[in-house]
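> My questions concern the predicted model and sequence given below.
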Amino acid sequence: MRLIASVDESWALGQGGGLLYHTQADVRHLRELTMGHVLLMGGKTFRSLPNGALPGRVNIVLSRGEYHAVATPAHVAHTVDEALSALEQYPDKEHFIFGGGEIYRLLLPYCNHADITRYAHTRRADTFLPRLDGLPNWAKMSQSLWHEEDSLRFCFEVWENANPLRIAGKRGII
């Protein structure tokens, strides 16, 4: 599994249910990486998307509570096991953990890669990604050149987990 997220210098993800930063380059990057693949996200993240499910990708929503009438196609899972079983239906596609904060914390140990858009700024936030630079087994493998858009400086980083946990399910290890 891969994690994909946008963070600032303090590894902040968002405030009040929204992202801290939005650039067209980051949207293009997300589209290029995830198109044709699978996104696993929480219910709040899904509801925050302007048009519902992201087109051209399989969208799996992990939500604790009742989840009624989704405007656009998405698989709904109520437990981590259900979500992982849904992922198993797509063995030939990349699986991306797409947020939010609770979903990242829950599944980060199982991710082997993280695609991070890092903004060289700090804003007030209430949701954070665990600091990969302080976790054992995680190392930054590459970083793009710095970009600037709408007075925001950012780069794209790829992180690798040298020892991700394996998930043993009914159908074997994934």
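Nice, thanks for sending it over.
> Can you give the distance of the longest strand seen in the chain from its chain's centre?
Using DSSP state E to define each element, the chain has its longest strand at strand 152-161. Once both centres are worked out by Cα atoms, centre = their mean, to the nearest Å, strand 152-161 turns out to sit 13 Å from its chain's centre.
> which stretches of this structure form strands?
Secondary structure of the chain (DSSP E): strands at 2-7, 12-15, 18-19, 38-42, 58-62, 75-77, 95-99, 113-119, 127-128, 138-143, 147-149, 152-161, 168-169, 172-173.
> Quick one: list the elements packing against the longest one.
Strand 152-161 sits against helix 24-34, strand 113-119, strand 138-143, strand 147-149, with contacts defined as 3 or more Cβ pairs under 8 Å, 6 or more residues apart in numbering; DSSP states H and E. C-beta: built from backbone N, CA, C; applies to glycine.
> For the last one, buried residues please.
Of all the residues in strand 147-149, not one is buried under the rule 16 or more other Cβ atoms under 10 Å.
> any idea of the mean pLDDT for that strand?
Strand 147-149 comes out with an average pLDDT of 97.
> what packs against it?
Under the contact criterion of 3+ Cβ pairs under 8 Å, 6+ apart, strand 147-149 touches helix 24-34, strand 152-161.
> Deepest-packed of the ones you listed, please.
For those, the largest average neighbour count (mean count of other Cβ atoms under 10 Å) is found in strand 152-161, namely a mean of 18.
> Any chance you could list what contacts that one?
Residues outside strand 152-161 that contact it (Cβ atoms under 8 Å, 6 or more residues apart in numbering): 6, 21, 23, 25-26, 29, 109, 111-121, 132, 137-148.
> Report the spatially closest residue to P109, excluding sequence-adjacent ones.
With Cβ to Cβ, 6 or more residues apart in numbering as the criterion, P109 has its nearest non-adjacent residue at 4.7 Å, and that residue is L165.
> got it, and R64?
Leaving aside its sequence neighbours, R64 sits nearest to H78 (Cβ to Cβ, 6+ apart; 6.7 Å).
> any chance you could read off phi and psi for the one you found?
Main-chain torsions, H78, degrees, to the nearest 10: phi -110, psi -10.
> Wait, it touches I60, no?
No. Under the criterion of Cβ atoms under 8 Å, H78 makes no contact with I60, lying 11.5 Å away.
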